[in-house]
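[1] model the following, please.
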Amino acid sequence: MSLRLRASLLLALLALFVLVDEAIREGYLFDPRDIATPTIPPSHEQLFIILLSAALILGYRWRR
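    Sure, this is the predicted structure:
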């Protein structure tokens, strides 16, 4: 397995961990209204979107 695919898997697992943490702390999985709020540090929803997007981009197989 290539390094790129391992990184993709790790990012996907971290995104899953963020969802589980959100469910435990807040009592819900995902609130779309929290995506647009400009907070520092990013909200759980923003962090989930960032990690999942990076995992999908790294996991995508580029074919010619």
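
[2] which residues of the protein score low on pLDDT?
    Scanning the chain for pLDDT under 70 picks out the ranges 62-64.

[3] let's see 90
    Residue ranges of the chain with pLDDT under 90: 1-7, 22-48, 58-64.

[4] residue boundaries of the helices in it?
    3-26, 44-59 (DSSP state H).

[5] ok, the nearest residue to residue 54 once chain neighbours are set aside to residue 56 distance?
    Using CB to CB, 6 or more residues apart in numbering and skipping residues adjacent in sequence, the residue nearest residue 54 is residue 11, 5.0 Å away. No exception for glycine: its C-beta is placed from N, CA and C like everyone else's. Residue 11 sits 9 Å away from residue 56, going by CB to CB, to the nearest Å.

[6] out of these two, which sits in the busier spot?
    residue 11 (20 against 13; other CB atoms under 10 Å).

[7] that one against residue 58, yeah?
    Yes: under the criterion of CB atoms under 8 Å, residue 11 makes contact with residue 58 at 6.7 Å.

[8] show me which positions of stretch 22-41 end up buried.
    22, 34 (16 or more other CB atoms under 10 Å).

[9] give me the contact list for it.
    Under the criterion CB atoms under 8 Å, 6 or more residues apart in numbering, residues 19, 43, 44, 45, 46, 48, 49 lie in contact with stretch 22-41.

[10] next, count neighbours for the second one.
    Pointing back at residue 43 there. 20.

[11] got the phi/psi numbers for residue 41?
    Phi and psi for residue 41, reported as degrees, to the nearest 10, are phi -70, psi 160.

[12] from residue 50, how far off is it?
    11 Å.

[13] again, but for residue 3
    Applying CB to CB to residue 3 and residue 50 gives a distance of 20 Å.

[14] who has more neighbours, those two?
    Set residue 3 next to residue 50 and count neighbours by other CB under 10 Å: residue 50 wins out with 15 against 8.

[15] so the more buried one versus residue 60, what's the distance?
    16 Å.

[16] just residue 40 next, same as before
    Distance from residue 40 to residue 60, by CB to CB: 29 Å.

[17] this completes my enquiry, with thanks.
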